[in-house]
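Trainee: Sequence unavailable; structure follows:
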């Protein structure tokens, strides 16, 4: 029944659709507590489909509540780049160009333009909604380091910035560029709340700065990890990454030319492997090698009709 009564409706029901619409209209107009962003209009081409709300999962809710209890669930990465096109002729970091590069790529990762909205209790868990115009000057910032800063100086600033909490009323990510490293290099710190950055979303955020994939290198253990371009499947041995990793170690004085640099990978999948990189001192290039083990075989027989 449409009317607010417990008595059965035995009257002529020819006008019932109109009465229902009128009462529904009054109910919607009186529910001022529901933000309009939570009930977006349906597309004209699909009038019979209900709009879907992108709600937080149960695990996301636990992650969010952990932060409210004093245990922030933020994840991030620190990367170091050669200065190159990131700085102008006077060595100053090109902040406006960096923000513009991020802005052009944000369409690839819609989550980074969205914010969380908490509806009244009866309307379910928090939902993701498109936020207002993103303030890139706030989300993409520059924090110069001390001149010719070393690794210790960089990590000190990273620790300082990491203590800055993310604003739950804004998109849950921040990016800092940290110019001033020795050799004109520029560091970058990405910080993202875990509710929006699983493997796939994390790869999407890296894509906003033009990265194609991520390779995580533990320089002390000489161990690497990498995933496919969707951030879903981890690789157990990546020769295309072992060469650049070896060159990085040599360039930063962590390995020597012509040294056989052993790089471990695959341990976290229970399938450990080793790759060997040799950076030639005569600038003849980088050699990558490893062992191949046959783990299976088979034959395919096709019955071809005559």
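Mentor: In hand now; what should we look at? Please read these numbers as outputs of a predicted model, since none were measured by experiment.

Trainee: Burial check on the closest residue to residue 241 other than its chain neighbours, number of neighbours?
Mentor: Nearest residue to residue 241 in three dimensions, chain neighbours excluded: residue 215, at 4.4 Å (Cβ to Cβ, 6 or more residues apart in numbering). C-beta coordinates here come from the backbone N, C-alpha and C atoms, glycine included. Using other Cβ atoms under 10 Å, the number of residues around residue 215 comes to 17.

Trainee: same thing with residue 175?
Mentor: Neighbour number of residue 175 under other Cβ under 10 Å is 22.

Trainee: Residue 104 now?
Mentor: Residue 104 has 11 neighbouring residues, counting by other Cβ under 10 Å.

Trainee: Determine whether the claim that it is in a helix is correct.
Mentor: Yes. Checked against DSSP: H, G, I helix; E, B strand; the rest coil, residue 104 lies within a helix.

Trainee: returning to what we had before: pretty sure the residue nearest to residue 241 contacts residue 223?
Mentor: No. Applying Cβ atoms under 8 Å as the test, residue 215 and residue 223 come out as separate, 11.2 Å apart.

Trainee: Now do the buried residues in stretch 79-91.
Mentor: 86, 87 (16 or more other Cβ atoms under 10 Å).

Trainee: Tell me where this structure has strands.
Mentor: Taking DSSP state E as the criterion, the chain contains strands spanning 54-55, 74-81, 114-117, 127-130, 140-142, 173-179, 186-193, 215-218, 223-226, 260-265, 273-279, 286-290.

Trainee: Next, format those as JSON lines and append distance to residue 94 and mean pLDDT.
Mentor: Listed next are the strands of the chain as JSON lines, based on distance: least, Cβ to Cβ, whole Å; pLDDT from 0 to 100:
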{"stretch": "strand 54-55", "distance to residue 94": "35", "mean pLDDT": "82"}
{"stretch": "strand 74-81", "distance to residue 94": "12", "mean pLDDT": "85"}
{"stretch": "strand 114-117", "distance to residue 94": "28", "mean pLDDT": "88"}
{"stretch": "strand 127-130", "distance to residue 94": "29", "mean pLDDT": "88"}
{"stretch": "strand 140-142", "distance to residue 94": "10", "mean pLDDT": "94"}
{"stretch": "strand 173-179", "distance to residue 94": "9", "mean pLDDT": "94"}
{"stretch": "strand 186-193", "distance to residue 94": "10", "mean pLDDT": "91"}
{"stretch": "strand 215-218", "distance to residue 94": "26", "mean pLDDT": "86"}
{"stretch": "strand 223-226", "distance to residue 94": "29", "mean pLDDT": "91"}
{"stretch": "strand 260-265", "distance to residue 94": "34", "mean pLDDT": "94"}
{"stretch": "strand 273-279", "distance to residue 94": "31", "mean pLDDT": "93"}
{"stretch": "strand 286-290", "distance to residue 94": "30", "mean pLDDT": "90"}
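
Trainee: possible to save these as CSV with distance to residue 108?
Mentor: Below are the strands of the chain laid out as CSV (distance: least, Cβ to Cβ, whole Å):
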stretch, distance to residue 108
strand 54-55, 17
strand 74-81, 18
strand 114-117, 14
strand 127-130, 15
strand 140-142, 16
strand 173-179, 14
strand 186-193, 15
strand 215-218, 20
strand 223-226, 20
strand 260-265, 28
strand 273-279, 31
strand 286-290, 31
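
Trainee: distance of residue 305 from residue 299?
Mentor: 20 Å (Cβ to Cβ, to the nearest Å).

Trainee: got it, and residue 151?
Mentor: Applying Cβ to Cβ to residue 151 and residue 299 gives a distance of 54 Å.

Trainee: out of the two, which sits in the more crowded spot?
Mentor: Between residue 151 and residue 299, residue 151 has the larger neighbour count (other Cβ under 10 Å), namely 13 against 4.

Trainee: Can you list the low-confidence ranges for the stretch 201-306 of the chain?
Mentor: In the predicted model, the stretch 201-306 of the chain carries pLDDT under 70 at residues 201-213, 229-231, 292-294, 306.

Trainee: quick one: the helices in it?
Mentor: 239-251 (DSSP state H, counting those that start in this stretch).

Trainee: wait, which of the strands of the chain is closest to residue 250?
Mentor: strand 273-279 (4.5 Å; Cβ to Cβ).

Trainee: out of the strands of the chain, nearest to residue 165?
Mentor: Residue 165 sits nearest to strand 74-81 of all the strands of the chain, at 8.5 Å, using Cβ to Cβ.

Trainee: Tell me which residues are up against the closest one.
Mentor: Contact with strand 74-81 is made by 67, 154-155, 158, 162, 166, 181, 185-194, 197, 202, 206, 214, 216, as judged by Cβ atoms under 8 Å, 6 or more residues apart in numbering.
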